[in-house]
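Asks: What follows is a protein structure lacking sequence information:
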C-alpha cells in the first residue's frame, strides 16, 4: 500500500505535511509525493508575469527554474524518506493559449476557459499510474491558487476515497476559508513527533529559492510551522463521512 501526496508544485506537500511524512516513512510506510505542475515549458520569451516570479527566485530561464526547483524538491523528499514523482503539466505562470498568449496574469483566478478540460486530462493520466489500494492525500485549495484548486478538482474526478490536508502557508492567512473548503467532512488530527517537526522545518529550508515568496520574512518560517504544530502536536486532516477501509488501514486516524 502506498500513501501518495498530491502536490500542485515542487514544495506544496513538504510545506503542508512533511513532519507526518517523515514519521510515516520512519514507521515503514511507503510514501510518494506526486508533483503535477512541474513540466518544462517551451523556451519562448517569458511573459512579464513569469519574469516577475523569476526575478524573485533569482533565475533567468524557465528551464533553469524548473531544474532548480526539482532539485530542491528531490532533496527535501530524500530528507523525509519519500519518493518524488514528477509529471509534466505546466505551472500556470507558463501556460499559454493557442496563439501564444499568456492565459494568466494572476494566480488567484478561476481556470481559464481555454483549458477547462485540464482537471480531466490530469485525472486520466493519474488513473494510469494509480493502484487500487493507494491512499491519496490532496490539498483543500485554501488560498484559491489556481493550480491548487485544479489539483483538488483532478483528485475528485478519480472516484476514490480521499484525505484532505490544508495548504501551507495559505492556511495561515485564510482561516475563514476552512468551513467552505471542508463542508461535509470530518476533521481529525494526525500526531507528529518532535523529530518530525524538526525535519519538517529542515525540509522547508531546502527550498531556498522559494522561502522569500512563501514566508515574510523568511526567518519566520520555523516559528510559523512550530506554532501550527504546537496547537495540536500534529497536522489536521479532513475526510468525507464515508471513508473506505484502505484509507483507515493506512494509519490515518478515524
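Replies: Structure received. Quantities reported herein were computed from a predicted structural model and do not represent experimental measurements. Numbers count the residues shown, from 1 in each chain.
Asks: what about the strands in the stretch 151-254 of the chain?
Replies: In the stretch 151-254 of the chain, the strands defined using DSSP state E, counting those that start in this stretch lie at 162-165, 185-191, 234-240.
Asks: which residues does residue 184 contact?
Replies: With contacts defined as CB atoms under 8 Å, 6 or more residues apart in numbering, residue 184 is in contact with 240-241. In this view, the C-beta of every residue, glycine as well, is placed from N, C-alpha and C.
Asks: Against residue 161, how distant is it?
Replies: Applying CB to CB, to the nearest Å, one obtains 14 Å for the distance of residue 184 from residue 161.
Asks: burial measure for residue 83, as a count.
Replies: Neighbour count for residue 83, taken as other CB atoms under 10 Å: 15.
Asks: how close does residue 164 sit to residue 155?
Replies: Between residue 164 and residue 155 the distance, using CB to CB, works out to 9 Å.
Asks: overlap in contacts of those two?
Replies: residue 138.
Asks: thinking again about what came up before, now for residue 184 and residue 161: what residues contact both?
Replies: The contact sets of residue 184 and residue 161 overlap at residue 240 (CB under 8 Å, 6+ apart).
Asks: could you pull out the helices for the stretch 151-254 of the chain?
Replies: If you assign secondary structure with DSSP state H, counting those that start in this stretch, the helices in the stretch 151-254 of the chain sit at 170-173, 178-181, 194-205, 211-214, 221-230, 245-249.
Asks: and residue 79, which of these is closest to it?
Replies: Distances from residue 79 to each of the helices of the stretch 151-254 of the chain were compared by CB to CB, and the smallest falls on helix 194-205, at 5.0 Å.
Asks: Would you indicate which residues of the closest one are buried?
Replies: Under the neighbour-count criterion of 16 or more other CB atoms under 10 Å, helix 194-205 has 196-197, 199-201, 203-204 buried.
Asks: swap in stretch 123-132?
Replies: Of the residues in stretch 123-132, 123, 126, 130 count as buried by neighbour count, 16+ other CB under 10 Å.
Asks: And that stretch, how far out from the chain middle?
Replies: The chain centroid and the centroid of stretch 123-132 are separated by 18 Å, computed with CA atoms, centre = their mean, to the nearest Å.
Asks: And the contacts of that stretch?
Replies: Counting by CB under 8 Å, 6+ apart, the neighbours of stretch 123-132 from elsewhere in the structure are 2, 4, 34, 85, 87, 136, 154-155, 157-158, 160, 246.
Asks: Any of those residues buried? List them.
Replies: Among the contacts of stretch 123-132, those classed as buried by neighbour count (16+ other CB under 10 Å) are 4, 34, 136, 154-155, 158, 160.
Asks: Between those residues, which sits nearest residue 220?
Replies: Checking those against residue 220 with CB to CB, the nearest one is residue 34 at 28.7 Å.
Asks: OK, contacts around the closest residue to the closest one other than its chain neighbours?
Replies: If you skip the residues right next to it in sequence, residue 34 has residue 85 as its closest partner in space, 4.7 Å away by CB to CB, 6 or more residues apart in numbering. Residues near residue 85 by CB under 8 Å, 6+ apart: 32-35, 129.
Asks: Turn the residues you listed into a markdown table, columns for secondary structure and distance to residue 238.
Replies: Written out in a markdown table, the entries for the contacts of residue 85 read as follows (DSSP: H, G, I helix; E, B strand; the rest coil; distance: CB to CB, whole Å):
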| residue | secondary structure | distance to residue 238 |
| --- | --- | --- |
| 32 | strand | 21 |
| 33 | strand | 19 |
| 34 | strand | 20 |
| 35 | strand | 22 |
| 129 | helix | 24 |
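Asks: coming back round to it: out of the helices of the stretch 151-254 of the chain, which is closest to residue 146?
Replies: Comparing the helices of the stretch 151-254 of the chain by their distance to residue 146 (CB to CB), the top pick is helix 170-173, with 12.4 Å.
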